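Student: Need a 3D model of the sequence below.
(chains A and B)
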Amino acid sequence: MAAKFKPGDKVRVRIGSPPRHFRTPQYIQGKTGSVAAVHGAFRNPESLAYGGDGLPKQFLYLVRFEQTQVWEQYSTSLQDTLFIDIYEHWLEPA
Amino acid sequence: MQEHEHDHAHDAHAPINDGHELTYYEKRVYAIQSLLIEKGLVTADEVRRAVEDMDSRTPALGAKVVARAWVDPAFKARLLADAKAAVAELGIDTGALSTLVAIENTDRVHNVVVCTLCSCYPRPILGLPPDWYKSLHYRSRVVVDPRGVLKEFGLELEQGAEVKVYDSTADMRYLVIPARPAGTDHMSEEELASLVTRDSMIGVTRARMPEK
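Tutor: Numbers count the residues shown, from 1 in each chain, chains lettered A, B, ... in the order given. As a prediction, the model looks like this:
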């Protein structure tokens, strides 16, 4: 199994609020960032939360966002960034 | 009970009792624990040992790691590359913790850690998180206004610095390596460790300045 994205790739976070456990906060959904690191493959918490085996494992990425791209009101004179861990099935190419 | 000299007052404090009504989750935890013990899946001693181990974890462990990173550049490089393996070199077992990631603060870059979804925290190396770390207030505000929140903690960062917020939503646990304060060249590794506080390893402040 190979990771779908590599460091530097532009990615968009999928939008969704499935009626079950998920680990992708709504504030970051729909936002575009870039892959900062590939953490590796981990058991899927969306299955583990219900006693499942978490398989197949999902690749987990550290994704970097410009704060000004995440929040409309963020001061554009700042270089601040946000890093967040997102599982592969929540990401699409941007 | 044996008589003893009363050079202290016994009624100086409020009566000690923890007889509060159990909450729903406390009852549930006790019920599940009793069942697991009854069915022989865990023993009471195993539960006690796990609690004892958790209670023995304090920010002193993280401080030891940071102080070593300050004095030993090769160790710092290993810590940044694979923190779990590097802290094991110092005899710190991070056991069940899946992955530990060390992130370095410098003059130009300030990292601060949050878990917006719950309270993910590198417990094996910092102990239990402070209450404010778990508060909705901190979790919801530090992502959108990190500079404002840091200011409330007494830390004002210059405009040119890059503030990086780390939201640990998954299997990663982040440990901030605060910048080594100026004027500490003469200090021993042990003395340096005393400058490394819990909050500086979460990233809401800097390491303490040495006393003059």
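Student: Could you list which residues are in contact with the residue of chain A most remote from its centre?
Tutor: Going by CA atoms, centre = their mean, the residue of chain A most distant from its centre is A:Ser77, 25.5 Å out. Residues in contact with A:Ser77, defined by CB atoms under 8 Å, 6 or more residues apart in numbering or on different chains, are B:Gln159. From N, CA and C alone the C-beta is placed, and that goes for glycine too.
Student: Give me the buried stretch members for stretch B:93-101, please.
Tutor: B:94, B:97, B:99-101 (16 or more other CB atoms under 10 Å in any protein chain shown).
Student: Could you say which helix or strand holds the residue farthest from the centre of chain A?
Tutor: Using DSSP states H and E, A:Ser77 maps to neither a helix nor a strand.
Student: Name the surrounding residues that touch the lowest-mean-pLDDT helix or strand in chain A.
Tutor: Within chain A, confidence by mean pLDDT, DSSP states H and E is lowest for helix A:45-48 among all helices and strands, at a mean of 88. Applying CB under 8 Å, 6+ apart, the contact partners of helix A:45-48 are A:18, A:20-23, A:53-55, A:87, B:170-171.
Student: that older thread, I'd like the distance between the residue farthest from the centre of chain A and B:Tyr121.
Tutor: 32 Å (CB to CB, to the nearest Å).
Student: again, but for B:Leu79
Tutor: The gap separating B:Leu79 from B:Tyr121 is 18 Å, by CB to CB.
Student: wait, isn't B:Val149 in contact with B:Ser135?
Tutor: No: distance between B:Val149 and B:Ser135: 11.2 Å, which falls outside the contact criterion (CB atoms under 8 Å).
Student: if we can go back for a sec, B:Leu79 and B:Tyr121: which has the busier surroundings?
Tutor: Using other CB atoms under 10 Å in any protein chain shown, the more surrounded residue of B:Leu79 and B:Tyr121 is B:Leu79, with 26 against 22.
Student: Make sure B:Pro124 is indeed in a helix.
Tutor: Yes: counting by DSSP: H, G, I helix; E, B strand; the rest coil, B:Pro124 is found in a helix.
Student: who touches the most centrally placed residue in chain B in this structure?
Tutor: Taking CA atoms, centre = their mean as the criterion, B:Leu126 is the residue nearest the geometric centre of chain B, at 2.9 Å. B:Leu126 makes contact with B:57-59, B:61-62, B:175, B:198, B:201-202, according to CB under 8 Å, 6+ apart.
Student: Residues of chain A that sit close to chain B?
Tutor: Those residues of chain A that sit near chain B, judged by CB under 8 Å from any CB of the partner chain, are A:23-25, A:27-28, A:39-40, A:42, A:45, A:60, A:62, A:67, A:71, A:74, A:77-87.
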